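**Q** Give me coordinates for this.
(one chain, ligands or ions: 2)
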Amino acid sequence: MSKALKRLHTDHINFMKLMKLMKAEVENITTNGELYVSLILDIVDYIQHYPNTIHHPMENVIFEYYLQKYDSDCQPIIQLLEEHNSLSYIPVKIEECMQKIKSGEIQSKDALIEKLEQFISDQIEHINKEEKEVFPLLENSFTKNDWKYIDSKLTASEDPLFGDKMKQGYETLYKRISDSASN
Ligand SMILES: [Fe+2]
Ligand SMILES: [Fe+2]
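**A** Ligands and ions are numbered 1, 2, ... in the order given. You can find the predicted model right below:
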């Protein structure tokens, strides 16, 4: 597997751990009425700072290269590119919802639950398409020189939650993810 795909694959494993925690948090809200505001805000913050600004743009470089060089009408890739765009809006909506709940503007958590559930299922479906369908297609199509070119275009930015240097403030979130992953 190329360096670029290895990194994206590792990200996916980490994102799935985050989805597991998000599912548990939705369950906490629906069954116990417990809402950990700071935890959800940390999750949203992370999604906006890494998956949306580093991971998806890295994939965009690779996907667009494939469209340009191999098949400009490759529908699975075109769809994934569109999803990078649509997936980026949901965390913003979740954050808006959280702020309204925090300020007391809205009491019901239904809208929040709906958005969290939508994000989790869209994100899992998206990752599965990449892992099962598109990454194998790239591996079978790209030459060594293609990967060399791709690697030269990729950012060195580290994952601020799962990478070597954790961003300050993510300690609680990381601990909750580790606890949730071992359950
Ligand atoms: Fe993606
Ligand atoms: Fe991805």
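
**Q** make it CA atoms for all contacts and neighbour counts henceforth
**A** Noted.

**Q** Confirm for me that Lys20 is in contact with Ala181.
**A** Yes - contact criterion CA atoms under 8 Å: Lys20 and Ala181 qualify, at 7.3 Å.

**Q** Regarding this protein, what is its longest helix?
**A** Counting by DSSP state H, the longest helix found in the chain is helix 75-103.

**Q** Which neighbouring elements make contact with it?
**A** With contacts defined as 3 or more CA pairs under 8 Å, 6 or more residues apart in numbering; DSSP states H and E, the secondary structure elements packing on helix 75-103 are helix 37-49, helix 56-69, helix 110-129.

**Q** do you know which of the ones you listed lies nearest Leu173?
**A** helix 37-49 (6.3 Å; CA to CA).

**Q** so what does that closest one touch, helix or strand wise?
**A** Using 3+ CA pairs under 8 Å, 6+ apart as the contact criterion, the elements in contact with helix 37-49 are helix 75-103, helix 171-182.

**Q** sorry, back to before: quick one: which of the helices and strands packed on helix 75-103 is nearest Ser141?
**A** Evaluated over these, closeness to Ser141 peaks at helix 56-69, with 8.6 Å, by CA to CA.

**Q** can you pull the buried residues of the closest one?
**A** 56-60, 62-66 (16 or more other CA atoms under 10 Å).

**Q** any idea of the mean pLDDT for it?
**A** Model confidence over helix 56-69, given as mean pLDDT, is 97.

**Q** for this protein, which residue is closest to the average position?
**A** Taking CA atoms, centre = their mean, the centroid of the chain lies closest to Pro51, which sits 4.4 Å from it.

**Q** hang on, isn't Gln48 packed against Ile90?
**A** No - with contacts counted by CA under 8 Å, Gln48 stays clear of Ile90, the gap being 10.1 Å.

**Q** still on that earlier bit, now the helices and strands packed on helix 37-49 in CSV, with distance to Leu5, mean neighbour count and mean pLDDT?
**A** Shown next, in CSV, are the helices and strands packed on helix 37-49 (distance: least, CA to CA, whole Å; neighbours: other CA atoms under 10 Å; pLDDT from 0 to 100):
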stretch, distance to Leu5, mean neighbour count, mean pLDDT
helix 75-103, 15, 16, 93
helix 171-182, 23, 14, 91
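
**Q** and the ones you listed as JSON lines, adding distance to Ile43?
**A** Supplementary listing: these in JSON lines, determined by distance: least, CA to CA, whole Å:
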{"stretch": "helix 75-103", "distance to Ile43": "9"}
{"stretch": "helix 171-182", "distance to Ile43": "7"}
